[in-house]
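> Build me a structure from this.
(2 chains)
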2 protein chains.
Amino acid sequence: MAQLPTVDDVAERAGVSRQTVSNVLNSPGIVREGTRLRVESAIAELGYRPHASARRLRTRQSSTIGVRLDPISNGISGSVLDRYLHALTEQADARGMRIMLFTAVDEDDEIRHYERLRDGADVDAFVLTGTRYDDPRIEWLARERMPFVAFGRPWGSAPLDDPERLWVDVDGQAGLRMATEHLIGRGHRRIGYLGWPAGSGTGDDRRRGWELAMASAFGSTAEDLAGLATETDEGVPTARRAIETLVRTRDDLEALVCASDSLALGAMMAVREAGMPHFPVFGFDNTPVAQAVGLSSVDQRLADVASGTFELLMGATGRRVLPHGFPAGDDPRHRLITPQLVVRRSSHLEPVEEAGGTTSGDHEPTEKEQST
Amino acid sequence: MAQLPTVDDVAERAGVSRQTVSNVLNSPGIVREGTRLRVESAIAELGYRPHASARRLRTRQSSTIGVRLDPISNGISGSVLDRYLHALTEQADARGMRIMLFTAVDEDDEIRHYERLRDGADVDAFVLTGTRYDDPRIEWLARERMPFVAFGRPWGSAPLDDPERLWVDVDGQAGLRMATEHLIGRGHRRIGYLGWPAGSGTGDDRRRGWELAMASAFGSTAEDLAGLATETDEGVPTARRAIETLVRTRDDLEALVCASDSLALGAMMAVREAGMPHFPVFGFDNTPVAQAVGLSSVDQRLADVASGTFELLMGATGRRVLPHGFPAGDDPRHRLITPQLVVRRSSHLEPVEEAGGTTSGDHEPTEKEQST
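Predicted structure coming up:
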């Protein structure tokens, strides 16, 4: 990155004080016209980018996006949102935008924060995570016409193609279908599924990917599939117990795909302790722990999720979000990112040599974008 | 949390428009005195807290702390900084402060961001992480008299008690000493150490904790200790290879303490594959992966690190940071947090039953605070 010019550079070029440059940016009316023009020329020549606070004063825009960050969670999959935040921050910077964090104890409290941040013109837009059926935050934001993008589809609370509800999401169904088809391609037939209890949009969608792959390859019926699936709440120990039970009743099980890396890690521990060290297991999220223990997983491609977020907020051309405005007619409103398989030792029948880094699978990165 | 009053509440109470309230907050000179007094009474009666941007306009303070967030890292130990950021955000909110994120490609780029954020009055202070010997960022901040707190001691670049360099840190030496003494208390004698190459302040300090425990319990000499220690770059596969080598040459090794969870995880894999499933291993950082795989570890108590950060920035009374100012005479300038052992299956000779959550060890949480 080339060094960016500062206020001091502008002041030196224009032959004025630092305070005068600040006045031109913040209160141009109080600066003599000749001086103002000289400072403005220096700004243009140097390519100086005015600061966010100066822009705020002039334009009433903050160039800032608000993101809620929850209290510390020790779960493995919590790191997905952290990695999304890293990617958002990096891409915000490249677009002259910033990320402001806040915390909230629940959804109502989050809405109160939205209100205060909006009233203070502290942020131009929000990015939401952890959305759910009939999410009251989305209701509030849509009603108040406050720009936002949700990472996660508005399962159930609105049509997926509602033009006022911008979302970016990862196609979990495609991800687990790819993982299942990868195992089918290696000769497995009785591939089990470990997921969460029915009723979560994300979980049901991932399970559907496994079901479609199995039905397509083997004509599996709903009954066949029910015998190969088990469900449990998120967590390593719960997954471990669920798979200990499943492998006792289904000794013909050959491989397993899971709705998360936490579930997959518990499953890996269970099958290894049951004397099946090379039983293939696939996780979902490609967390650091998957990389560390050699667990094959579905990567959500969070950098693409972050760039999709900014495209929806700013348009493909990088046009700034308008306060209380929405994208113009033809701008995209939704992005569905196709995830990517990362194949490691855990999904091979025989142990493979691995240097420890990511072993790219035989699925090249692909991305399917859906604009509605 | 009680619901906070909004601009609308103030407008309703004062019988004026929302815009008038905004004018009173931002440009009181343009509001008639009677109206202004009525709005100010409503603000006082409702306990309305003006928004950050209004405060910024009036006070030239942003109530915002800048934190650099690096691009996505897949390392296990990277999650320590993410969890610190969660704790900072939570505690900032409780103090009426906010966190603004930015990214940077290197230290020089980070300094340019400091400059721009300072020039724009976008932030009042910075929190630094990943400090090192002779850190140029600390040099710049101290020279420019910009308030900051470093998570990490200024190893080598200044006296640790320099009153102009505020830092909070975790006493890694105490942490590894506690871990080593825990293993000694379980009857182990030849306890090895796996750490990073000499020269990192943090790594050398952690190693010293192991050395002190061994010298104190067994009178181990430098030569004894050298034979029990090995070093490698951070990472699971590098650690695995280092321990494969160490256990071949030292078949009398009984247990191991490590400078990080990544190293410990690699070590765990190596000893298990060498046919020693119950060889005790201790990590450092208490990452989610440690919890997931049952690895005993040293927890950095990041919530205490975050509250220490705010105490240094705002004083024990919560007094606001003054732009370009520093704590008054008696305010603390440094905080050294004593970490806490979290004992799980990996440090027991025999497997223990574990429900999967954190098994508290026999060390109660303790905190040593050092004010200089």
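> Can you get me a residue count around A:D106?
Burial of A:D106, expressed as a neighbour count using other CB atoms under 10 Å in any protein chain shown, amounts to 9. For glycine as for every other residue, the C-beta is placed from the backbone atoms N, C-alpha and C.
> should've said A:G308
A:G308 - counted by other CB under 10 Å - has 26 other residues nearby.
> now whichever strand or helix holds A:A44: how far from the chain's centre is it?
In this assignment (DSSP states H and E), A:A44 forms part of helix A:33-46. Put simply, helix A:33-46 sits 42 Å off its chain's centre (CA atoms, centre = their mean, to the nearest Å).
> what does stretch A:5-24 give?
For stretch A:5-24, the distance from its own C-alpha centre to the chain's C-alpha centre is 40 Å (CA atoms, centre = their mean).
> What separation is there between A:A226 and chain B?
In this structure, A:A226 and chain B are separated by 27 Å, where distance is defined by CB to the nearest CB, to the nearest Å.
> average pLDDT across the helix or strand hosting that residue?
Assignment of secondary structure by DSSP H and E places A:A226 within helix A:222-228. Within the predicted structure, the mean pLDDT of helix A:222-228 is 95.
> Which strands and helices lie in contact with the very next helix or strand once past that helix?
Once helix A:222-228 ends, the next helix or strand along the chain (criterion: DSSP H and E) is strand A:229-231. Helices and strands touching strand A:229-231, by 3 or more CB pairs under 8 Å, 6 or more residues apart in numbering or on different chains; DSSP states H and E, are strand A:191-195, helix A:236-249.
> sorry, back to before: now what about the helix holding A:A226, what contacts it?
A:190-193, A:210-211, A:214-215, A:218, A:220, A:250, A:253 (CB atoms under 8 Å, 6 or more residues apart in numbering or on different chains).
> Up against chain B, what does the stretch 101-250 of chain A have?
Applying CB under 8 Å from any CB of the partner chain, one finds that the stretch 101-250 of chain A approaches chain B through A:101-103, A:105, A:109, A:112, A:115-117, A:119-122, A:235-238, A:240.
> Out of these, which sit inside strands?
The members of those that map onto strands under DSSP state E are A:101-102.
> From the residues of the stretch 101-250 of chain A next to chain B, keep the buried residues only.
Buried residues within those, counting neighbours by 16 or more other CB atoms under 10 Å in any protein chain shown: A:101-103, A:109, A:112, A:115-117, A:119-122, A:235-238, A:240.
> separation between A:Q340 and A:G187?
Using CB to CB, to the nearest Å, one gets 23 Å for the distance from A:Q340 to A:G187.
> With A:A121 instead?
In this view, A:A121 and A:G187 are 60 Å apart by CB to CB.
> all strands for chain A, in order.
Ranges of strands in chain A, per DSSP E, are A:64-68, A:98-102, A:125-128, A:148-151, A:166-170, A:191-195, A:229-231, A:255-258, A:281-282, A:297-299, A:334-337, A:340-342.
> Dump those into a markdown table; add distance to A:S22 as well.
Supplementary listing: the strands of chain A in a markdown table, determined by distance: least, CB to CB, whole Å:
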| stretch | distance to A:S22 |
| --- | --- |
| strand A:64-68 | 20 |
| strand A:98-102 | 20 |
| strand A:125-128 | 27 |
| strand A:148-151 | 33 |
| strand A:166-170 | 36 |
| strand A:191-195 | 57 |
| strand A:229-231 | 60 |
| strand A:255-258 | 56 |
| strand A:281-282 | 57 |
| strand A:297-299 | 46 |
| strand A:334-337 | 40 |
| strand A:340-342 | 47 |
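> Report the closest residue of the stretch 201-350 of chain A relative to chain B.
A:P237 (2.6 Å; CB to the nearest CB).
> I'd assumed A:A267 was in contact with that residue.
No - with contact defined as CB atoms under 8 Å, A:P237 does not reach A:A267; the gap is 11.5 Å.
> just to revisit the earlier point, read off the pLDDT value for the residue of the stretch 201-350 of chain A closest to chain B.
According to the model, A:P237 scores 87 on pLDDT.
> what about the longest helix in chain A?
Under DSSP state H, the helix in chain A containing the largest number of residues is helix A:201-218.
> Quick one: list the elements packing against that helix.
On a contact count with 3+ CB pairs under 8 Å, 6+ apart, helix A:201-218 meets helix A:172-185, strand A:191-195, helix A:222-228.
> in the first one, what's buried?
Looking back up the chat, that one is helix A:172-185. The neighbour-count check on helix A:172-185 (16+ other CB under 10 Å) flags A:172-184 as buried.
> So for stretch A:6-25, what gets flagged as buried?
Applying a neighbour-count criterion of 16+ other CB under 10 Å, the buried positions in stretch A:6-25 are A:6-7, A:9-11, A:13-14, A:16, A:20-25.
> Within reach of chain B, which of the residues you listed are there?
The subset of the buried residues of stretch A:6-25 within reach of chain B, by CB under 8 Å from any CB, is A:6-7.
> would you turn the buried residues of stretch A:6-25 into TSV with pLDDT?
TSV is the format used below for those (pLDDT from 0 to 100):
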residue	pLDDT
A:T6	76
A:V7	81
A:D9	87
A:V10	89
A:A11	92
A:R13	92
A:A14	93
A:V16	94
A:T20	89
A:V21	86
A:S22	78
A:N23	80
A:V24	81
A:L25	74
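> With distance to A:D205 as extra columns, can I get the buried residues of stretch A:6-25 in CSV?
Listed next are these as CSV, based on distance: CB to CB, whole Å:
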residue, distance to A:D205
A:T6, 49
A:V7, 50
A:D9, 52
A:V10, 52
A:A11, 56
A:R13, 56
A:A14, 57
A:V16, 59
A:T20, 58
A:V21, 53
A:S22, 52
A:N23, 55
A:V24, 53
A:L25, 48
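> Can you pick out the ones from the buried residues of stretch A:6-25 that are in helices?
A:7, A:9-11, A:13-14, A:20-25.
> Show me the domain layout of chain A.
If you go by automatic domain parsing, the domain ranges for chain A are A:7-50, A:64-164+A:302-337, A:172-299+A:340-347.
> of all the ones you listed, which lies closest to B:D204?
With respect to B:D204, and counting by CB to CB, the nearest of these is domain A:172-299+A:340-347 at 24.9 Å.
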